[in-house]
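Undergrad: Prediction below, plus the sequence it came from.
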Amino acid sequence: MSQTLFYRRPVALSRETHGDMRYVAPPDYGFARATNAVPLGAAEAEVAARHYPVVFAAGEPGGLVALLGVQEGHNLFVDADGNWRKGAYVPAYVRRYPFAFAEMGDQLVLCVDEASGVLGEIGEPLFDGARPSALVEKTLAFAREFQAQADAAQAFAKACAIAGLLGEQRAEFALKDGRKFALGGFRILDRAKFDSLPDAVYVDWRKRGWVAIAHAHFVSMNSWAALIDIATGEI
């Protein structure tokens, strides 16, 4: 899954370009309405598992994904007014928008989506003289932590793939109103193979925090039913 989901015109945040601009937080989550999946950081797996199926992205670099809908391009957790479903966890990938890190050479640079509509003449300043403002410093710390957690999720996914634990999955749904959907492009852990990991590998993974992620993934499979219920309007 692309790490630039939502971003239409990301540019490096700089004093020269954005020194006189101010930031107003997005008024709602309408920007996330047209996606049915977002990347997750490793530390989010357990809380996200209470609300969404947590699966593995197909292809490279892999990583963890929260499924937000049964139909591509349709987020069941964002309503027509841009509100996130009450009580549901909002993934960090969504909360960090319109900021993100981007690779430029061998460095990660904080970027902002200039097409987000949140930069202008009112709001919180992005720079305090020549220095980044407190807002930008806080945003930088949040983006850096998310990047670290995303890298950790990708490392776990890679280890699972090397160990032969991941299998391609395709889910098919038939709703009560007659509509049918097929959702693919994701992978899940083979429980029997995971439970058969050599003791030394299991202990190593537990120390890395990967066993907790795996169990969160398994628990999250119970969220499929709730996802379908939301799609049918039963919840």
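TA: Nice, thanks for sending it over. From a predicted model like this one, the values you see are computed outputs, not experimental measurements.

Undergrad: which residues of the protein score low on pLDDT?
TA: 1-3, 105, 175, 234-235 (pLDDT under 70).

Undergrad: residue ranges for the helices of it, please.
TA: Ranges of helices in the chain, per DSSP state H, are 15-18, 45-48, 92-95, 134-162, 191-195, 199-208, 210-220, 223-231.

Undergrad: What residues of the first one count as buried?
TA: Of the residues in helix 15-18, those scored as buried under the neighbour-count criterion (16 or more other Cβ atoms under 10 Å) are His18. Where C-beta positions appear, they are placed from N, C-alpha and C, glycine not excepted.

Undergrad: Report the backbone C-alpha coordinates of it in PDB.
TA: Only the C-alpha atoms of helix 15-18 are listed here, as PDB (Å, rounded to 0.1, in the frame of the first residue of the first chain):
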ATOM      1  CA  ARG A  15      11.100  28.500   5.900                       C
ATOM      2  CA  GLU A  16      11.700  29.900   2.400                       C
ATOM      3  CA  THR A  17       8.400  28.500   1.000                       C
ATOM      4  CA  HIS A  18       6.100  28.400   4.100                       C
END
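
Undergrad: What residue, apart from its backbone neighbours, is nearest the residue most central in space within the chain spatially?
TA: Among the residues of the chain, Pro39 comes closest to the average C-alpha position under Cα atoms, centre = their mean, at 2.6 Å. Distances taken as Cβ to Cβ, 6 or more residues apart in numbering place Tyr93 nearest to Pro39, at 5.0 Å, with adjacent residues excluded.

Undergrad: how much space between that neighbour and Leu64?
TA: Look at Tyr93 and Leu64: by Cβ to Cβ, to the nearest Å, they are 10 Å apart.

Undergrad: neighbour-wise, which of those two wins?
TA: Neighbours were counted for Tyr93 and for Leu64 using other Cβ atoms under 10 Å; Leu64 has more, 29 against 24.

Undergrad: Okay, and the beta partners of that one?
TA: Beta bridges link Leu64 to Leu40, Phe56, judged by DSSP bridges.

Undergrad: Any buried residues in stretch 68-84, and which?
TA: In stretch 68-84, counting by 16+ other Cβ under 10 Å, buried: Leu68, Gly69, Val70, Asn75, Leu76, Phe77, Val78, Trp84.

Undergrad: From the centre of the protein, give me the residue that's furthest out.
TA: Gly129 (33.5 Å).

Undergrad: how close does it get to Gly19?
TA: 9 Å.

Undergrad: what's the neighbour count on the residue nearest to Pro10 when sequence neighbours are not counted?
TA: Among residues not flanking Pro10 along the chain, Cys111 sits closest, at 4.3 Å (Cβ to Cβ, 6+ apart). When neighbours are counted by other Cβ under 10 Å, Cys111 registers 21.

Undergrad: right, and Cys111 touches Tyr97 too?
TA: No: assessed by Cβ atoms under 8 Å, Cys111 is found out of contact with Tyr97, at 11.1 Å.

Undergrad: Name the residues contacting each of the two.
TA: Counting by Cβ atoms under 8 Å, 6 or more residues apart in numbering, the residues touching both Cys111 and Tyr97 are Tyr7.
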